[in-house]
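K.L.:
Model the following, please.
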Amino acid sequence: MGKTKIQWVDIGDGYRVSNKGDVLGPSGKILKPIEAHRGHLYIFVRGKKRYIHQLVLEGFVGKRENGLETRHLDGNPANNQLSNLV
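P.N.:
Numbers count the residues shown, from 1 in each chain. Sure thing, here's the model as predicted:
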């Protein structure tokens, strides 16, 4: 099985997110995520707490509809690769 190519998309204000679940800040450096109480990872974007799994899906798929939730296919809330999220 081949390696998945890393892709980056702009999420605004100089922030970018990858299909592997990394977030670049305006400085161009990968931001270190913080672990929430149930293992989900988050960062602060423009002063607002944002979960990385939501940023990945919003960047590559689009905004989710109200009432829908993100699911990690492997059950690991720290695995924010696009291929693991629905």
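K.L.:
just so I have it, where are all the helices in the protein?
P.N.:
Taking DSSP state H as the test, the helices found in the chain are 52-60.
K.L.:
can you give me the strands in it?
P.N.:
Listed in chain order, the strands of the chain (DSSP state E) span 8-12, 15-18, 23-24, 34-35, 41-45, 48-51.
K.L.:
Just the CA coordinates for the first one, please, in PDB.
P.N.:
Listed in PDB are the C-alpha atoms of strand 8-12, where the atom choice follows Å, rounded to 0.1, in the frame of the first residue of the first chain:
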ATOM      1  CA  TRP A   8      -2.700  21.300   2.700                       C
ATOM      2  CA  VAL A   9      -5.800  23.600   2.500                       C
ATOM      3  CA  ASP A  10      -6.200  27.200   3.700                       C
ATOM      4  CA  ILE A  11      -8.700  27.600   6.500                       C
ATOM      5  CA  GLY A  12      -8.300  31.400   6.800                       C
END
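K.L.:
what helices or strands is it leaning on?
P.N.:
Other elements packing on strand 8-12 under the criterion 3 or more CB pairs under 8 Å, 6 or more residues apart in numbering; DSSP states H and E are strand 15-18, helix 52-60. C-beta here means a position set from N, CA and C on the backbone, and glycine is covered the same way.
K.L.:
gap between the first one and the chain center?
P.N.:
To tie it back to what came earlier, the one meant is strand 15-18. Computed by CA atoms, centre = their mean, to the nearest Å, the chain-centroid distance of strand 15-18 equals 8 Å.
K.L.:
just stretch 71-86 next, same as before
P.N.:
Centroid displacement of stretch 71-86 relative to its chain, using CA atoms, centre = their mean, is 10 Å.
K.L.:
State the mean pLDDT of that stretch.
P.N.:
In this model, stretch 71-86 has a mean pLDDT of 97.
K.L.:
related to what we said a few turns ago, can you lay out the helices and strands packed on strand 8-12 as a markdown table showing mean neighbour count?
P.N.:
Shown next, in a markdown table, are the helices and strands packed on strand 8-12 (neighbours: other CB atoms under 10 Å):
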| stretch | mean neighbour count |
| --- | --- |
| strand 15-18 | 21 |
| helix 52-60 | 20 |
